[in-house]
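Student: I'll drop the sequence and a predicted model, then ask my questions.
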Amino acid sequence: MTENTVLKINVCYRLPVLAFCAVIFWQSHFPSVIAGPPIVPFADKIMHLGAYTVLGLLCLRWLAREVPGAKKGKIILAGFVLTSLFGLSDEFHQSFIIGRTASVYDFMADCAGAALGSWIWTLPLHGKPEKPENSY
């Protein structure tokens, strides 16, 4: 890989994953501000599902670019596992925050989001794949 290709992977593919992980970590570092019953039932699970769907998509996008030529199934599995492990680590992190709790149901919503992101990534929505820079 050329230096330009590595820079592009770092900025366009790795950085969004790391930035989104940082946003999730930062948001979960504060106590919950919702008092009383939620207006929308299971709103927190829906937010977990949405956030981890986006994170799953970002991870798969990065992994597909990072390891060109890897089988699609391996990329999907790796993206799902990485996203789910981050969800598990975030639940563990929340167990140390006053006003927050670690929840198996939140982790299940995180995993469901990772699976949904993986499924969406497999859909033919992203057009033709880019040609590697070293191809003719």
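Tutor: Perfect, I can see it now.

Student: what does the model give the most centrally placed residue in the chain for pLDDT?
Tutor: With the centre of the chain defined as its mean C-alpha position, the nearest residue by Cα atoms, centre = their mean is residue 55, 1.8 Å away. Residue 55 is assigned 98 on the pLDDT scale.

Student: for the one 10 residues further on, same thing?
Tutor: Listed pLDDT for residue 65 reads 89.

Student: I figured it hits residue 10, correct?
Tutor: No: in this structure, residue 65 is not within contact of residue 10 by Cβ atoms under 8 Å, at 10.6 Å. Any C-beta I mention is one placed from the backbone N, CA and C, and that applies to glycine too.

Student: ok, the two, which is more surrounded?
Tutor: Applying other Cβ atoms under 10 Å to residue 65 and residue 10 shows that residue 65 carries more neighbours, namely 18 against 11.

Student: what about that one, which helix or strand?
Tutor: Here residue 65, judged by DSSP states H and E, is contained in helix 43-66.

Student: which other helices and strands contact the helix or strand following that helix?
Tutor: Downstream of helix 43-66, the first helix or strand assigned by DSSP H and E is helix 72-94. On a contact count with 3 or more Cβ pairs under 8 Å, 6 or more residues apart in numbering; DSSP states H and E, helix 72-94 meets helix 15-28, helix 43-66, helix 104-122.

Student: Quick one, which of these gets closest to residue 90.
Tutor: Comparison of the helices and strands packed on helix 72-94 against residue 90 by Cβ to Cβ identifies helix 15-28 as nearest, at 5.5 Å.

Student: Please point out which parts of that closest one sit buried.
Tutor: Neighbour counts using 16 or more other Cβ atoms under 10 Å place 16-17, 20-21, 24, 28 of helix 15-28 among the buried residues.

Student: Over to stretch 51-66?
Tutor: Quick answer for stretch 51-66 (16+ other Cβ under 10 Å): 51-65.

Student: quick one on the thing from earlier: any chance of the buried residues of helix 15-28 in JSON lines, plus distance to residue 97 and pLDDT?
Tutor: Output for these, formatted as JSON lines (distance: Cβ to Cβ, whole Å; pLDDT from 0 to 100):
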{"residue": "16", "distance to residue 97": "25", "pLDDT": "95"}
{"residue": "17", "distance to residue 97": "23", "pLDDT": "96"}
{"residue": "20", "distance to residue 97": "19", "pLDDT": "96"}
{"residue": "21", "distance to residue 97": "17", "pLDDT": "96"}
{"residue": "24", "distance to residue 97": "13", "pLDDT": "95"}
{"residue": "28", "distance to residue 97": "7", "pLDDT": "89"}
